[in-house]
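Colleague: give me a 3D structure for the following:
(one chain, ligands or ions: 2)
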Amino acid sequence: MSSHFIFTCKDCGAHDLRVVRHENRKSYCKEELVCFDDCGSAGELAAIKEYQRIDAYECWGPLDEDHHFTKEEEELIETFYEDENLQIVCEDCHKAADQRHWHFSEEMDDDDSEIEFYVHCDGCDREIEFGWSHPDRGGRIWPVECEDFDPWKSWPEPRFKESYAK
Ligand SMILES: [Zn+2]
Ligand SMILES: [Zn+2]
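Modeller: Ligands and ions are numbered 1, 2, ... in the order given. Predicted structure coming up:
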């Protein structure tokens, strides 16, 4: 092990960096209700509810000396819903129904997940700008305050593109 530090915080003197990764996983949900047996249109669609469910996950871990992020833990932070849409075909059956009568289905949408990365000083929690060694967030993570940081050799994290231009 070398005693060389890739990072020394200018505020608190800490040497450790922590990477946090946020991911919003989206799925499309559908709930369908069919008319009850005593309805004139028994068995036909009575109502349909469509919405998007978003599960916000966060995982974090240290950034090692080779600028790789090792994922240590992952947690579901919150779940929220968007684009809710309800269509009622049969008013009576919709009123009479409770949650048990609805048929639920969902479909994950992997292409539509939103991912964000953050780098923080592990000592004082200050956010630190960074880039990647390859385009499209590939390879290693290069925080701008690291000794070996070279802006010409790294690709900015999309959020920091503007300050990189300076
Ligand atoms: Zn009905
Ligand atoms: Zn610090």
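Colleague: in terms of helices and strands, where is the closest residue to F36 other than its chain neighbours?
Modeller: Distances taken as C-beta to C-beta, 6 or more residues apart in numbering place C93 nearest to F36, at 5.4 Å, with adjacent residues excluded. All C-beta atoms are positioned from the backbone trio N, CA, C, and that covers glycine. Using DSSP states H and E, C93 maps to helix 91-96.
Colleague: could you give the mean pLDDT of the first helix or strand past that helix going along the chain?
Modeller: For helix 91-96, the succeeding helix or strand toward the C-terminus, using DSSP H and E, is strand 103-121. Across strand 103-121, pLDDT averages out at 89.
Colleague: give the next helix or strand downstream of strand 103-121.
Modeller: Following strand 103-121 in sequence, per DSSP H and E, is strand 130-134.
Colleague: now that next one, how far from the centre of its chain.
Modeller: The chain centroid and the centroid of strand 130-134 are separated by 19 Å under C-alpha atoms, centre = their mean, to the nearest Å.
Colleague: what helices and strands are in contact with it?
Modeller: Secondary-structure packing of strand 130-134 (3 or more C-beta pairs under 8 Å, 6 or more residues apart in numbering; DSSP states H and E): strand 138-143, strand 155-156.
Colleague: relative to V20, which of those is closest?
Modeller: strand 138-143 (11.4 Å; C-beta to C-beta).
Colleague: tell me what that closest one is packed against?
Modeller: So strand 138-143, by 3+ C-beta pairs under 8 Å, 6+ apart, packs with strand 103-121, strand 130-134.
Colleague: which bits of this structure sit near ligand 2?
Modeller: C9, D11, C12, A14, C121, G123, C124 (C-beta under 5 Å from the ion).
Colleague: type out the ChimeraX command that picks the buried ones from these.
Modeller: Selection of buried members from the residues of the chain next to ligand 2 for ChimeraX, criterion 16 or more other C-beta atoms under 10 Å:
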select :9,14,121
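Colleague: residue contacts, Y57?
Modeller: H22, E23, N24, R25, E74, E75, L76, I77 (C-beta atoms under 8 Å, 6 or more residues apart in numbering).
Colleague: what's across from the residue positioned nearest the centre of the chain in the sheet?
Modeller: The residue lying closest to the centre of the chain (C-alpha atoms, centre = their mean) is E23, at 1.3 Å. With DSSP bridges applied, E23 shows beta-bridge pairing to Y57, I115.
Colleague: you'd agree it is up against A56?
Modeller: Yes. E23 is in contact with A56 according to C-beta atoms under 8 Å; the separation is 7.4 Å.
Colleague: what residues does the helix holding C93 touch?
Modeller: In contact with helix 91-96 (C-beta under 8 Å, 6+ apart) are residues L33, V34, C35, F36, C39, A46, A47, I88.
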